[in-house]
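Enquirer: one predicted model, sequence on top.
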Amino acid sequence: MNFHTRKWVKPEDLNPNGTLFGGSLLRWIDEEAAIYAIVQLGNQRVVTKYISEINFVSASRQGDIIELGITATEFGRTSITLTCEVRNKITRKSILTVEKMVFVNLGEDGLPAPHGRTEIKYVKDQFQDDDAGS
């Protein structure tokens, strides 16, 4: 799993218990997962279709630096399935896991459209493809 995005837990991210508010964390996850899907599918028109059970494993507090890890687990004809883990950057302690997130690729008409992808595309491979076209 690749951990690219890091967030610093600030006072405005806390719930009344003084820990990270789940709604803030879920917003960050949905945004990060959508960006990941966009990059993988090469299309800015993707929508969240499904998010499985969310497992809050441990709390995060003000001042913590957390990191979000996302990876593709399956490519459908018009969809991509991801898994997610959020952990404390310093201690590596897991904060949250999401087993399954499904995003759907849309065409210009706003309807599901085939994307033609079958495997994870890494940044290094994207640059190689760009160089080959020059």
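Expert: Cool, got the structure. Residues are numbered from 1 along each chain as shown.
Enquirer: only C-alpha atoms for contact and neighbour calcs from this point on.
Expert: Noted.
Enquirer: and the helices in this protein?
Expert: Ranges of helices in the chain, per DSSP state H, are 22-41, 123-132.
Enquirer: where among these is average confidence lowest?
Expert: Note on these: lowest mean pLDDT is at helix 123-132, with a mean of 59.
Enquirer: for this protein, give me the ranges with low pLDDT.
Expert: Scanning the chain for pLDDT under 70 picks out the ranges 123-134.
Enquirer: where's the most centrally placed residue in it relative to Gly18, distance?
Expert: What sits nearest the mean C-alpha location of the chain, by CA atoms, centre = their mean, is Ala33, with 2.3 Å. Distance of Ala33 to Gly18, computed by CA to CA, to the nearest Å: 26 Å.
Enquirer: beta partners for Phe3?
Expert: Gly69 (DSSP bridges).
Enquirer: what count of nearby residues applies to it?
Expert: By other CA atoms under 10 Å, 16 other residues sit near Phe3.
Enquirer: wait, it touches Thr83, no?
Expert: No - at 11.9 Å, Phe3 does not count as touching Thr83 under the criterion of CA atoms under 8 Å.
Enquirer: what residues are shared contacts of these two?
Expert: Ile70 (CA atoms under 8 Å, 6 or more residues apart in numbering).
Enquirer: all strands of the protein, in order?
Expert: 2-8, 46-51, 54-56, 65-75, 79-88, 94-105 (DSSP state E).
Enquirer: quick one on the thing from earlier: list the contacts of the residue lying closest to the residue nearest to the centre of the chain once chain neighbours are set aside.
Expert: Leaving aside its chain neighbours, Ala33 sits nearest to Ile70 (6.6 Å; criterion: CA to CA, 6 or more residues apart in numbering). By CA under 8 Å, 6+ apart, the residues touching Ile70 are 1-3, 32-33, 36, 82-85.
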